[in-house]
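Participant: Could you look at this predicted model? Sequence included:
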Amino acid sequence: MSKQPTSRSNFGSKFGTVATAAGSAVGLGNIWKFPYEAGQNGGGAFLLIYILCVLLFGLPIMISEFAIGRRARANVAGAFRKLSGTRSWGIVGLLGVITAFLILGFYFVVAGWSLEYVYQAASNAFVGKTPTDLSQAFVNFSTDTFQPLFWTVIFICANAFVLLAGVEKGIERISKILMPFLVLILILLSIRAITMPNGSAGLQFFFAPDFSKITPNVILSALGQAFFSLSLGMGCMVTYGSYIRKDNNLTKTALHVISVDTLIAILAGVAIFPAVFSLGINPAQGPELVFITLPNVFTHMAGGYIWAILFFLLLAIAALTSTISLQEVITAYVSEEFKLQRKKVIVGSSVVLIIVSSLCSLSLGVGSKLTIGGMRLFDLFDFTSSKLFLPLGALLISIFIGWFYNPKKIRDEISNQGKLSTKLFPVYYFLMRYFVPIAIIAIFLNELGLFN
Ligand code: TRP
């Protein structure tokens, strides 16, 4: 079963802990998924609900996942079993592993797209193209049978390679350099986008909430996006929590991670929506939004050639630090639960993921006729992970903390055995015991049409 505490390596520094968790959180979710979800769900209205979800659900759940992981020092399933003292709570771990496969299935495809765009940027493929040309080029590429697969497989191999080489230290280092660069380049892009003709219409769309746009669907989308972007609801932060040092202030770490993650998502919105409105692109386009918008901005930027290469490269690296955290959930679970060598589990799961991602990629082109519930496989994986499995995982975590686990023990863990202030603990506990589970159940019931 789970290893002894001493055999699990710890994160080095405080900043290293934040950087690694932020490396998991910041990824395609911020730069690719957030803008297209916001575009499809009413812009400002979505942003407002999203921020509320981050604060009311994201923060307490992230603190909980860290605390559960650090207390148990085991993979997700092991952690829940250990702390609950019963086998049945291990189900949360299994659910997390299934969710990881679903997410990685489409995530690797989009990560592959970002590699293709590094290549296109480097071969100067954006220059002299109109917005229509650039959209068409993306459609041609993403519906092609082999080209996207090629990049996806390269990405999966790179991911496996990093995992095989050992996780913690490398990621800590990469993330520390990555974040500041990503913020810098997004700021430059934002400035360029805002100053494009009619760019202010995009800011209006993104920041001015139109309250009539707030529907139950927008709320579920924002909730799912908050979990997705913060890597919550499937035990990813439980697994990372198991590597956090005993003297780390978990609340502060969670606040830092959440701030960085939300800042980068908002910056991505500011970089994209003004350009979308300036170029007359439909903000509700869907998953292609970022890939058809930003190349246009680069063609209008001084030094655009270099910035474009750098941007898509950083996007790919940000995606990599996220996919590593996702596949680490699978690796830790399978190797500890079934006592298999990590190496074998990494290779085995990568092979399975090559097959799953290939199917997702093909579902956009040759396989687009094959739909389930009106959704292509790619969209189905995206939908079920964010809107079903992550909220379900979060619900189980809140029920565990709020109703099963001893409140004194969780307070001890969060306050480092009383060394930190416990003044805000009742607020945290109220959110976990009542607000989070009731709100998620209400959103689910509504989705099933029970309130109509
Ligand atoms: N949060 C990452 C992103 O925004 C994706 C991710 C990594 C994730 N680990 C996760 C999503 C765990 C859900 C659960 O790109």
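Facilitator: Cool, the structure landed.

Participant: Could you check which residue of this protein lies nearest the ligand?
Facilitator: Per CB to the nearest ligand atom, residue 29 is where the chain lies closest to the ligand, at 2.1 Å. Using the backbone N, CA and C atoms, a C-beta is placed for each residue, glycine as well.

Participant: who in the stretch 101-250 of the chain is up against the ligand?
Facilitator: 103, 228-229, 231, 234, 236 (CB under 6 Å from any ligand atom).

Participant: and residue 244, that's in a strand?
Facilitator: No - applying DSSP: H, G, I helix; E, B strand; the rest coil, one finds residue 244 to be coil, outside a strand.

Participant: Make 7 the first number, not 1, from now on.
Facilitator: Noted, 7 is the first residue going forward, which turns the last one into residue 250.

Participant: So what's the residue count around the spatially closest residue to it that is not a sequence neighbour?
Facilitator: What sits nearest to residue 250 in space, not counting adjacent residues and going by CB to CB, 6 or more residues apart in numbering, is residue 76, at 5.0 Å. Counted by other CB atoms under 10 Å, the residues lying close to residue 76 total 23.

Participant: Equivalent analysis for residue 176, please.
Facilitator: Neighbours around residue 176, by other CB under 10 Å: 15.

Participant: you'd agree it is up against residue 168?
Facilitator: Yes - shown here, residue 176 and residue 168 form a contact pair, counting by CB atoms under 8 Å, at 6.2 Å.

Participant: give me every residue that touches the residue nearest to residue 250.
Facilitator: Shown in contact with residue 76 (CB atoms under 8 Å, 6 or more residues apart in numbering): 247-248, 250, 252, 254, 256, 419.

Participant: of those, buried ones?
Facilitator: Among the contacts of residue 76, those buried by neighbour count (16 or more other CB atoms under 10 Å) are 247-248, 250, 254, 256, 419.

Participant: pLDDT check: weakest of those?
Facilitator: On pLDDT alone, residue 248 ranks lowest of the buried ones among the contacts of residue 76, at 88.

Participant: Please enumerate the helices of the stretch 107-256 of the chain.
Facilitator: 137-148, 153-170, 174-200, 205-213, 222-236, 242-247, 256-285 (DSSP state H, counting those that start in this stretch).

Participant: mean confidence score for the fourth one?
Facilitator: Averaged across helix 205-213, pLDDT comes to 98.

Participant: which parts of the stretch 307-456 of the chain sit against the ligand?
Facilitator: Going by CB under 6 Å from any ligand atom, the residues of the stretch 307-456 of the chain near the ligand are 328, 331-332, 396.

Participant: Which of those residues fall within helices?
Facilitator: Using DSSP state H, the subset of these located in helices is 328, 331-332, 396.

Participant: got any ranges where this structure has weak pLDDT?
Facilitator: Within the chain, the segments meeting pLDDT under 70 span 7-15, 18, 173-175, 458.

Participant: Show me where the stretch 307-456 of the chain has its strands.
Facilitator: 377-378, 381-382 (DSSP state E, counting those that start in this stretch).

Participant: And the first one, what does it pack against?
Facilitator: Right, strand 377-378. For strand 377-378, not one helix or strand is in contact under the criterion 3 or more CB pairs under 8 Å, 6 or more residues apart in numbering; DSSP states H and E.

Participant: who touches it?
Facilitator: When contacts are defined by CB under 8 Å, 6+ apart, strand 377-378 is touched by residues residue 386.

Participant: Quick check: neighbours of that strand in the sheet, parallel or antiparallel?
Facilitator: Sheet pairing for strand 377-378, assigned by DSSP bridges, gives strand 381-382 (antiparallel).

Participant: contacting residues for the residue lying farthest from the centre of the chain?
Facilitator: Distance from the C-alpha centroid of the chain, by CA atoms, centre = their mean, peaks at residue 134 (33.7 Å). The contact partners of residue 134, taken as CB under 8 Å, 6+ apart, are residue 305.

Participant: same deal with residue 220?
Facilitator: Residue 220 makes contact with 48, 51, 55, according to CB under 8 Å, 6+ apart.

Participant: Columns secondary structure and distance to the ligand on top of these, output as a markdown table?
Facilitator: Listed next are the contacts of residue 220 as a markdown table, based on DSSP: H, G, I helix; E, B strand; the rest coil; distance: CB to the nearest ligand atom, whole Å:
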| residue | secondary structure | distance to the ligand |
| --- | --- | --- |
| 48 | coil | 21 |
| 51 | helix | 21 |
| 55 | helix | 18 |
